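A.B. asks: The following block contains a protein sequence and its predicted model.
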Amino acid sequence: MKSKHSTFISTLVLSSCLFSAVAVSAEDMVRVEDMVLVPEGSFTPFFLKKDDITNSSSVATTAVDAFWLDATPVTNRKFQAFVNKHPDWHKSNIKKIFTDSHYLEHWQSTQGSADSADLDKPVVNVSWFAAAAYCEAQDKRLPSTDEWEYTLTDNDRDTENLQKQIMAWYSVPNKELPTVRSKPANGFGIFDMAGLIWEWTADFNSYMAPPDSRNSGDKNLFCGSGSLNASNLSDYAAFMRYSYRESLKGNFTGKNLGFRCAKDAK
């Protein structure tokens with residue numbers, strides 16, 4: 001028969017174990033809340049390869065492995081915490097090779113930080129190098145273009161309505177950015193994939209023709225004929241996205257250009 005003392009110790013140990021389990025579960029919940037697991041799947045790529053164009057009898061698809069993606073674009077609050085921990089990426093310290101002169105120009109306080117009213121708005125005016133450095137510091141990475149485009153279409157697959165929403169956003173200049181999560185999540189449970197900001201991808205400029213392809217011998221790469229490789233000629237919103245990405249350089253910043261991070265599923 002157990003003594004009162006041993007019973008008390010057993011209860012204390014059990015309570016301690018339960019507390020630890022709760023703590024681990026809470027940590028997992030934060031991770032799930034910050035990132036969403038996008039399941040593996042496939043989608044029709046906007047730009048087709050030569051073999052896909054030749055074999056028009058079949059519908060070309062691109063497979064995407066499961067991966068984690070930030071539920072929202074990175075905010076000023078999170079990027080400011082990164083800059084405080086890694087001062088080399090502060091606007092007063094960053095090397096010129098990694099950005100242009102507009103880096104974090106919306107951080108106009110005397111300390112060169114974001115205004116308190118803007119902390120939960122997406123960070124913009126960040127170069128590809130700064131975005132990649134932030135993701136690496138979080139043990140993450142920038143999403144590939146295929147991953148980003150696959151997530152944009154979400155699992156509702158209402159592409160026609162999505163195109164209309166995106167074109168409506170393109171037609172009105174963003175005078176002031178709203179906070180993240182201002183609109184409902186898409187079918188994957190991810191917020192702000194369209195209608196808030198443009199976003200960097202890891203391979204942002206690897207899909208369209210190089211600036212001058214006249215001597216390449218491939219007529220599909222010359223001027224407007226590159227559009228013949230598109231899987232949906234009516235998807236003007238996608239033309240805009242890919243063209244915009246192709247115009248970028250790694251050190252470029254823009255007042256509507258931000259990012260979110262991804263991570264391999266394990």
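C.D. replies: Right, received. Where do you want to start? Numbers count the residues shown, from 1 in each chain.
A.B. asks: can we go C-alpha only for contacts and neighbour counts from here?
C.D. replies: Will do.
A.B. asks: right, and Glu40 touches Asp65 too?
C.D. replies: Yes: taking CA atoms under 8 Å as the definition, Glu40 is a contact partner of Asp65 at 4.5 Å.
A.B. asks: so where do the strands sit in this structure?
C.D. replies: Secondary structure of the chain (DSSP state E): strands located at 35-38, 41-43, 62-64, 67-70, 198-199, 257-258, 262-264.
A.B. asks: which helices and strands does the fifth one pack with?
C.D. replies: Secondary structure elements in contact with strand 198-199, counted by 3 or more CA pairs under 8 Å, 6 or more residues apart in numbering; DSSP states H and E, are strand 257-258.
A.B. asks: And the second one, by the same measure?
C.D. replies: Helices and strands touching strand 41-43, as assessed by 3+ CA pairs under 8 Å, 6+ apart, comprise strand 62-64.
A.B. asks: who does the strand it packs on pair up with?
C.D. replies: strand 41-43 (antiparallel) (DSSP bridges).
A.B. asks: in the partner strand, what's buried?
C.D. replies: For strand 41-43, a neighbour-count test (16 or more other CA atoms under 10 Å) marks Phe43 as buried.
A.B. asks: Ok, stretch 76-88 next?
C.D. replies: Buried positions in stretch 76-88, judged by neighbour count with 16+ other CA under 10 Å: 76-80, 82-83.
A.B. asks: Looking at the strands of the chain, spot the one closest to Glu160.
C.D. replies: Comparing those by their distance to Glu160 (CA to CA), the top pick is strand 41-43, with 15.0 Å.
A.B. asks: what sits up against the closest one?
C.D. replies: 61-66, 150 (CA atoms under 8 Å, 6 or more residues apart in numbering).
A.B. asks: among these, which ones are buried?
C.D. replies: Looking at the contacts of strand 41-43 with 16+ other CA under 10 Å, the buried ones turn out to be 64, 66, 150.
A.B. asks: Go through those and name the one nearest Leu104.
C.D. replies: Within the set of those, Tyr150 lies nearest Leu104; the separation is 29.0 Å, counting by CA to CA.
A.B. asks: before we move on, the earlier item: could you redo the strands of the chain as JSON lines and give each row distance to Met167 and mean pLDDT?
C.D. replies: Below are the strands of the chain laid out as JSON lines (distance: least, CA to CA, whole Å; pLDDT from 0 to 100):
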{"stretch": "strand 35-38", "distance to Met167": "25", "mean pLDDT": "95"}
{"stretch": "strand 41-43", "distance to Met167": "21", "mean pLDDT": "88"}
{"stretch": "strand 62-64", "distance to Met167": "25", "mean pLDDT": "90"}
{"stretch": "strand 67-70", "distance to Met167": "24", "mean pLDDT": "97"}
{"stretch": "strand 198-199", "distance to Met167": "13", "mean pLDDT": "95"}
{"stretch": "strand 257-258", "distance to Met167": "17", "mean pLDDT": "97"}
{"stretch": "strand 262-264", "distance to Met167": "26", "mean pLDDT": "97"}
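A.B. asks: who wins for proximity to Phe188 among these?
C.D. replies: Taking CA to CA as the criterion, Phe188 comes closest to strand 35-38 out of these, the separation being 6.7 Å.
A.B. asks: That closest one packs against which elements?
C.D. replies: Right, strand 35-38 is packed against strand 67-70 by 3+ CA pairs under 8 Å, 6+ apart.
A.B. asks: elements contacting the strand it packs on?
C.D. replies: Packed against strand 67-70 by the contact rule (3+ CA pairs under 8 Å, 6+ apart) you find strand 35-38, strand 262-264.
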